[in-house]
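>>> Kindly generate the corresponding structure for this input.
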Amino acid sequence: MANVISLKKSEDIEQLKETLDFAQNIIDGISARKYSGTITLKEDPVAYQKRIRDEWN
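Prediction:
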C-alpha cells in the first residue's frame, strides 16, 4: 500500500518539518537521514544529466 503525504505551500516551515519527520519515520522504519551524504559520486551530477540527455538526440 502506498502512502501519500501532501505538502502545501500555505504551511509554515515548522508544519513542513513535522510532516517530513513523520514521513521519514513511516517509510518502513528506514531513516533517510541515516544515508544522507553517503553516496560517492564519480561524475558531476550536472555533467551526467547533460550526457544522458545528449544520448536521446
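>>> Could you give the separation of the lowest-mean-pLDDT helix or strand in the chain from the chain centroid?
For the chain, scoring each helix and strand by mean pLDDT, DSSP states H and E identifies helix 13-26 as the least confident one, at a mean of 80. The chain centre lies 13 Å from the centre of helix 13-26; the measure is Cα atoms, centre = their mean, to the nearest Å.
>>> surely E11 meets E18?
No - under the criterion of Cβ atoms under 8 Å, E11 is not in contact with E18, lying 9.1 Å apart. All C-beta spots, glycine's among them, are computed from the backbone N, C-alpha and C.
>>> Would you map the helices across the protein?
Under the criterion DSSP state H, the chain contains helices at 13-26, 45-54.
>>> Pull the number of nearby residues for L16.
13 (other Cβ atoms under 10 Å).
>>> Now do it against Q24, distance only.
12 Å (Cβ to Cβ, to the nearest Å).
>>> same check, this time on Q49
Per Cβ to Cβ, Q49 is found 26 Å from Q24.
>>> So, low pLDDT: which residues of this structure?
By pLDDT under 70, the weakly predicted segments of the chain are 1-3, 26-32, 35, 57.
>>> related to what we said a few turns ago, tell me which of the helices of the chain sits most buried.
Ranked by mean neighbour count, the helices of the chain are led by helix 13-26 with a mean of 11 (mean count of other Cβ atoms under 10 Å).
>>> could you dump it to PDB, C-alpha only?
As requested, the backbone C-alpha atoms of helix 13-26 are provided in PDB (Å, rounded to 0.1, in the frame of the first residue of the first chain):
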ATOM      1  CA  ILE A  13       8.200  25.800   7.800                       C
ATOM      2  CA  GLU A  14       7.500  24.200  11.200                       C
ATOM      3  CA  GLN A  15       4.500  22.300   9.800                       C
ATOM      4  CA  LEU A  16       6.500  21.200   6.800                       C
ATOM      5  CA  LYS A  17       9.300  19.900   9.100                       C
ATOM      6  CA  GLU A  18       6.800  18.000  11.200                       C
ATOM      7  CA  THR A  19       5.300  16.400   8.100                       C
ATOM      8  CA  LEU A  20       8.600  15.500   6.700                       C
ATOM      9  CA  ASP A  21       9.800  14.000  10.000                       C
ATOM     10  CA  PHE A  22       6.600  12.000  10.200                       C
ATOM     11  CA  ALA A  23       7.100  10.700   6.600                       C
ATOM     12  CA  GLN A  24      10.700   9.800   7.400                       C
ATOM     13  CA  ASN A  25       9.500   7.600  10.300                       C
ATOM     14  CA  ILE A  26       6.800   5.700   8.400                       C
END
